[in-house]
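> Fold the following, please.
(chains A and B)
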Amino acid sequence: MSKTSPHALPAEGGLGNEPLLAVDDLHVEFATRAGLVRAVNGVSYSLQAGETLAVLGESGSGKSVTAQAIMGILDMPPARIPKGEVRFNGTDLLRLSEEARTQVRGQRIAMIFQDALSALNPVFTVGWQISEMFRVHRGMGKRDAVKKAVELMDRVRIPGAKQRVNDYPHQFSGGMRQRIMIAMAIALDPEVLIADEPTTALDVTVQAQVMELLAELQRESNMGMILITHDLGVVADVADKIAVMYGGRIVENASVHDIYKAPAHPYTKGLLESIPRVDLKGQDLYAIKGLPPNLLDMPTGCAFHPRCPYRQDNCVTDSPPLYEISGTRNSACHYWREVLDGDQG
Amino acid sequence: MATKGETILEVRDLVKHFPLNQGIMFKKQIGAIKAVDGVSFDLASGETLGVVGESGCGKSTLAKVLMALERPTSGSVKINGRDIAKAKGAELKRMRRNIQMVMQDPYTSLNPRMTVGDIVGEPFDIHTEVAPKGDRTRKVQELLEVVGLNPDHINRYPHQFSGGQRQRIGIARGLALQPEIIVCDEPVSALDVSIQAQVINLLERLQNEFNLAYIFIAHDLSVVRHISDRVAVMYLGKVVELGKDVEIYDKPAHPYSQALLSAVPVPDPEGRDQRERIILQGDPPSPANPPSGCRFRTRCWKAQEICATEEPLLQIRPGTSHESACHFAETHDVVHVN
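Residues are numbered from 1 along each chain as shown, chains lettered A, B, ... in the order given. Sure, this is the predicted structure:
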């Protein structure tokens, strides 16, 4: 890798066994009028170069807030990070100055968002917006930067890039807009790409195109990718490992094969069982009963206990730690053994 | 009331074009968006017809025309033999009682300033003959109970409910007039995964209880397969394939259906690298100016000259047991949606 960052704060490449990106015991809380919301409660995960980590969870589970904390795009206040580290090549990003942080954000860790139409600026052409990356971060002149933008549009396979570089976002279809977002994100060859629900707003056929593009770009540049989603199908297709979040915590993490074969947390198990299956047509779908927790009024003990079929008395009082099942696998359930064996508690 | 299995909805050659105008003072029609362009199907009582397709294929316009919220450009929508598309005034109002709708977004389809009781009871204000005034509160409470909500919450406002509960309110409103047909336009896509299954189960239970017929519009193909008896695949305003759920999912004959099914991610990582995946290039063409002949030919890998000149009709093709609109239809198992 050859990068010429003037503030080369986080070291380049691997430092021994240190992962590319490591989130360690991260806490994020928001001071709201209704009270303190603990959106992220001690989340840890790590990512190696070339690896895809899927973060799975429902709305309010804290998956996007974690990503925003990594990127440093949380509004503080109301957000606060009372505890935790985000280490990128061994350097804790949370302790960097804003100036040094800017050197990392967008250049070395980039992000694509769910809704491309609202993430792009409607009053500037897409060429201007893509080339802004080069003008701001690389100090390029206007003409060179636009040339680079056309190259990037070609690379994300937007047909007729040269003719379309001066079009505005509204002139593109949803899939093409998402490609423009991807072009902006990969403009400066980031080492980590965070994709927050990149295909949720798209049709399945377009979703397949975009996911294929992302996989290809990842192969070419050996980026690490964090894919935030609630779609169990997309996860099974592309992820190497999975972190399942619920109520601001990671409740299970494992390799993609382990988790689909035998989940070790009742919530993961419930999600997998609620997928419609052909052999069960005509029967009721398995449904996790109840509702996701209210972050202002979290249940005591394990956050999942009001909805859990395995619940015992101690689940109501003791919050389960992230038990280690094997070297690469954890579950935050007191009864993970029973869940893993499939005995209904 | 139709008995089970009897055809209650007959849609024939339904067309809905939206005019494209130019000029401010003297509007001149310069073309039309062909949102729905010749759709025919039947629906039997107690049956579920799933409608799938990409955004812009005309699914939602179809729903609006069926509900008589839009007047069709031509064609007919017969409910129990009477054409709702031509009905007017009191007759239209009476016919609308029989076909109701559940909307996609439970956050915007419920008036935030009305209580749940008012929302669910509003159909009774319009169709006063269904429930006499003194009886309404009891009726609304009954409906809330049927959809699994607490009848005591009748005076609450929508914001006091979760997304799944709001969708239940929308379903209760749809049931109020005891319709035979309910059009569900993406009823679960705005909900969290763990809540979707609850709402699907509710819809299925209500169908059995009240012998409802559903038009179930959705883009989640595995949900459609779970709930549907028959499935229609739409592309650019036309139904390109229509058949029983097993026929469409296990033996799709139209190239577009095959591509659509193969694009669905399978929630099982085993063997993911060996799966066949047909990735369509580009976007669907504009419905204002659809390709000649077969509308899918611009993205189709089987396209020949005949596809540009002759429009393939929706009919049973050799070697298949269900209707498809492709000159070169052949079943091909892409086995994806499990």
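> Against which helices or strands is the longest helix seen in chain A packed?
Longest helix in chain A, counting residues (DSSP state H): helix A:204-221. Applying 3 or more C-beta pairs under 8 Å, 6 or more residues apart in numbering or on different chains; DSSP states H and E, one finds that helix A:204-221 makes contact with helix A:174-186, strand A:192-196, helix A:232-238, helix B:255-263. No exception for glycine: its C-beta is placed from N, CA and C like everyone else's.
> In contact with residue A:209, which residues?
A:175, B:279-281 (C-beta atoms under 8 Å, 6 or more residues apart in numbering or on different chains).
> which SS state does residue A:131 fall under?
Under DSSP: H, G, I helix; E, B strand; the rest coil, the three-state class of residue A:131 is helix.
> how about low-confidence regions in the stretch 1-150 of chain A?
Counting by pLDDT under 70, the stretch 1-150 of chain A contains low-confidence ranges at A:1-17.
> re the thing from before, out of the helices and strands packed on helix A:204-221, which is closest to residue B:191?
Of all these, it is helix A:232-238 that lies closest to residue B:191, at 14.8 Å by C-beta to C-beta.
> May I have the distance across stretch A:46-58, first residue to last?
Using C-alpha to C-alpha, to the nearest Å, one end of stretch A:46-58 lies 21 Å from the other.
> Report the buried residues of that stretch.
Neighbour counts over stretch A:46-58 (16 or more other C-beta atoms under 10 Å in any protein chain shown) mark A:46-49, A:51-58 as buried.
> What of stretch B:207-217?
Buried, per 16+ other C-beta under 10 Å, within stretch B:207-217: B:207, B:211-217.
> so who does the closest residue in space to residue A:133 that isn't next to it in sequence touch?
Spatial nearest neighbour of residue A:133, chain neighbours left out: residue A:187 (4.0 Å); criterion: C-beta to C-beta, 6 or more residues apart in numbering or on different chains. Contact analysis of residue A:187 by C-beta under 8 Å, 6+ apart lists A:110, A:130, A:133-134, A:148, A:152.
> if you look at stretch B:37-49, does any of it touch chain A?
No. Remark: stretch B:37-49 sits outside contact range of chain A, by C-beta under 8 Å from any C-beta of the partner chain, the gap being at least 11.3 Å.
> Convert that stretch to CSV, retaining C-alpha atoms only.
Extracted in CSV, the C-alpha atoms of stretch B:37-49 (Å, rounded to 0.1, in the frame of the first residue of the first chain):
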residue,chain,number,x,y,z
ASP,B,37,-50.9,-2.2,-19.7
GLY,B,38,-53.3,-5.1,-20.3
VAL,B,39,-53.6,-7.1,-17.1
SER,B,40,-56.1,-10.0,-16.7
PHE,B,41,-56.5,-12.4,-13.8
ASP,B,42,-59.2,-14.0,-11.6
LEU,B,43,-59.3,-14.2,-7.9
ALA,B,44,-61.4,-16.8,-6.0
SER,B,45,-62.9,-16.2,-2.6
GLY,B,46,-60.6,-17.3,0.2
GLU,B,47,-57.6,-17.3,-2.2
THR,B,48,-54.4,-15.3,-2.1
LEU,B,49,-52.9,-13.9,-5.3
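> that older thread, the buried residues of stretch A:46-58 in helices, which ones?
Per DSSP H, helices hold no members of the buried residues of stretch A:46-58.
> The residues you listed: which two are farthest apart?
Farthest-apart pair in the buried residues of stretch A:46-58 is A:49 and A:58; separation 29.4 Å (C-beta to C-beta).
> Next one: the helix or strand harbouring residue B:224, is it in contact with chain A?
Following DSSP states H and E, the helix or strand that holds residue B:224 is helix B:221-227. Yes. Using C-beta under 8 Å from any C-beta, we find that helix B:221-227 touches chain A at B:221-223, B:225-226.
> Measure how far that helix is from the centre of its chain, please.
Relative to the centre of its chain, helix B:221-227 is centred 12 Å away, using C-alpha atoms, centre = their mean, to the nearest Å.
> what's the next secondary structure element after that helix?
As assigned by DSSP H and E, the chain's next helix or strand after helix B:221-227 is strand B:230-235.
> Can you tell me how far the residue nearest the centre of chain A is from chain B?
By C-alpha atoms, centre = their mean, chain A has its centre lying nearest to residue A:228, at 3.3 Å. Distance of residue A:228 to chain B, computed by C-beta to the nearest C-beta, to the nearest Å: 14 Å.
> residues contacting that residue?
A:54-55, A:63-64, A:67, A:194-197.
> and if you look at residue B:32?
B:17-20, B:288.
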